[in-house]
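Undergrad: Task: produce atomic coordinates for the following.
(4 chains)
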Number of protein chains: 2
Amino acid sequence: MLFFSKTCIYGIRAALYVASLGKQEYVPIRAISEQLNISFHFLTKILQILTQQNLMISYRGPNGGVSLAKPADQIKLIEIIEAIDGSNLFTECILGLPGCGTQSPCPIHAQWAVTRQGMQNMFENTSLAELGRQINELGLRLADT
Amino acid sequence: MLFFSKTCIYGIRAALYVASLGKQEYVPIRAISEQLNISFHFLTKILQILTQQNLMISYRGPNGGVSLAKPADQIKLIEIIEAIDGSNLFTECILGLPGCGTQSPCPIHAQWAVTRQGMQNMFENTSLAELGRQINELGLRLADT
DNA sequence: TATATTTAAGACTCTTTTATCTGAAAATAC
DNA sequence: GTATTTTCAGATAAAAGAGTCTTAAATATA
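TA: Below is the predicted model:
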């Protein structure tokens, strides 16, 4: 049981990778998929979502590919997360209790609301550029191998 | 994308319901499933897990059913969660970054670790009795209708 | 114009989760 | 013993998520 869907995780990783290249040119999805060890066709679908949501720009043909629609320091993680997984991740009752909601939260929900708000703030305040920089400083990689 | 699996949520709700009845007799699974609007056969399977993990006791035949293996104030939510969803929920990297782990966490992971620890503590400290009482005080129901 | 490169789009498959069905096995009551 | 009530166990089905494949459309370049 993952917090984010794989689709969402792959989307974030791909966006981080494109951001890390920091160039103006389009990056072919095939190149991204090979670098990150993500199935090409699957990644294509995911990036289509991001382009449809105006977070990326795509271009067909030779020298085509995708690029960020905005500078990497202006794209917040929350934008990618909500584009792919939707925003209900941060609103639903964790126990699925029928009456439970923001108005009348169950105890777990109330606690979770605090917790969740912290995470949401984090995703709202962290840009691709920022996260990429931090990941780089820590010597972590984006790829599986 | 839910935080807990439906199996886990149903397990918790069923345990809360049995606890709420607070009687010594066995509660038929059919009655629980009807009260909580959960598929009988599905719930049967879930409760089988809980009995196998010694959180519940089951008894066959007329007047049979399930009951809590311990007083409700001695069963912590974490026991049910780990019995059903396992304990890895609280250890994995939220972004699925390859190198990321407890040893060298990515920034998101580090933040998530704090968040997660808070939740884990909550689940470790909250008993069925306690949660049931709170839900009751708030006027929330366990059933879908 | 022809060809190669690249994303777009939709159908399709595979896997996991969720849910249902069926036939036991066990316990009880009569 | 026989019928009834209940859990147990395994097969099956439906739905959703993850991943693959094929064809079409757009672009660049020769």
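
Undergrad: does A:Ser67 count as helix, strand or coil?
TA: Of the three states, A:Ser67 takes strand under DSSP: H, G, I helix; E, B strand; the rest coil.

Undergrad: same deal with A:Phe4?
TA: coil.

Undergrad: Would you mind listing the outside residues contacting the lowest-mean-pLDDT helix or strand in chain A?
TA: Using mean pLDDT, DSSP states H and E, the weakest-scoring helix or strand in chain A turns out to be helix A:107-125, at a mean of 86. With contact meaning Cβ atoms under 8 Å, 6 or more residues apart in numbering or on different chains, helix A:107-125 is reached by A:76-78, A:81, A:90, A:93-95, A:97, A:100-102, A:105, B:77, B:108, B:111-112, B:115, B:118-119, B:122, B:126, B:131, B:134-135, B:138. In short, each C-beta sits where N, CA and C put it, glycine included.

Undergrad: Check stretch A:4-13 too.
TA: Counting by Cβ under 8 Å, 6+ apart, A:2, A:36, A:38, A:42-43, A:46-47, A:49-50, A:77, A:80-81, A:83-85, A:89, A:142, B:1, B:94-97 sit against stretch A:4-13.

Undergrad: Hmm, A:Gly22 is touching A:Ala72, no?
TA: Yes. The pair A:Gly22 / A:Ala72 is scored as a contact, 7.2 Å apart, by Cβ atoms under 8 Å.

Undergrad: Comparing those two, which shows the higher neighbour count?
TA: It is A:Ala72, of A:Gly22 and A:Ala72, that has more neighbours when counted by other Cβ atoms under 10 Å in any protein chain shown, with 20 against 11.

Undergrad: From the contacts of stretch A:4-13, keep the buried residues only.
TA: By neighbour count, with 16 or more other Cβ atoms under 10 Å in any protein chain shown, these hold A:36, A:38, A:43, A:46-47, A:49-50, A:77, A:80-81, A:83-85, A:89, A:142, B:1, B:94-97 as buried.

Undergrad: In helices only, show me these.
TA: A:36, A:43, A:46-47, A:49-50, A:77, A:80-81, A:83-85 (DSSP state H).

Undergrad: about what we covered before: by how many degrees do the next helix or strand after the least confident helix or strand of chain A and helix B:107-125 diverge?
TA: Following helix A:107-125 in sequence order, the next helix or strand is helix A:128-137 (DSSP states H and E). Relative orientation of helix A:128-137 versus helix B:107-125 (axes from the mean of the first three to the mean of the last three Cα atoms, to 10 degrees): 90 degrees.

Undergrad: so what pLDDT did A:Thr145 get?
TA: At A:Thr145, the model reports a pLDDT of 57.

Undergrad: tell me the contacts of A:Gln103?
TA: By Cβ under 8 Å, 6+ apart, the contact set of A:Gln103 is empty.

Undergrad: who in chain A is up against DNA strand D?
TA: Contacts of chain A with DNA strand D, taken as Cβ under 7 Å from any atom of the strand, map to A:2, A:5-7, A:10, A:39, A:41-42, A:44-45, A:59-64.

Undergrad: Out of the residues you listed, who's the most crowded?
TA: A:Tyr10 (23 neighbours).

Undergrad: In which helix or strand does it reside?
TA: helix A:6-21.

Undergrad: Quick check: buried residues in that helix?
TA: Buried, per 16+ other Cβ under 10 Å, within helix A:6-21: A:7-20.

Undergrad: Pick out whichever of those residues sits closest to chain B.
TA: A:Ile9 (4.5 Å; Cβ to the nearest Cβ).

Undergrad: per-residue pLDDT, that closest one?
TA: Here the pLDDT value assigned to A:Ile9 is 95.

Undergrad: try A:Gln103
TA: 76.

Undergrad: any idea how far A:Ala110 is from it?
TA: Counting by Cβ to Cβ, to the nearest Å, the gap from A:Gln103 to A:Ala110 is 12 Å.

Undergrad: ok, now A:Lys23?
TA: Applying Cβ to Cβ to A:Lys23 and A:Ala110 gives a distance of 46 Å.

Undergrad: neighbour count winner among these two?
TA: More crowded of A:Lys23 and A:Ala110, by other Cβ under 10 Å: A:Ala110, with 15 against 9.

Undergrad: Next up, the contacts around the residue lying closest to A:Gln74 once chain neighbours are set aside.
TA: Of all residues beyond its chain neighbours, the one nearest A:Gln74 is A:Ser127 (6.7 Å), with distances taken as Cβ to Cβ, 6 or more residues apart in numbering or on different chains. With contacts taken as Cβ under 8 Å, 6+ apart, A:Ser127 has the following neighbours: A:72-77.
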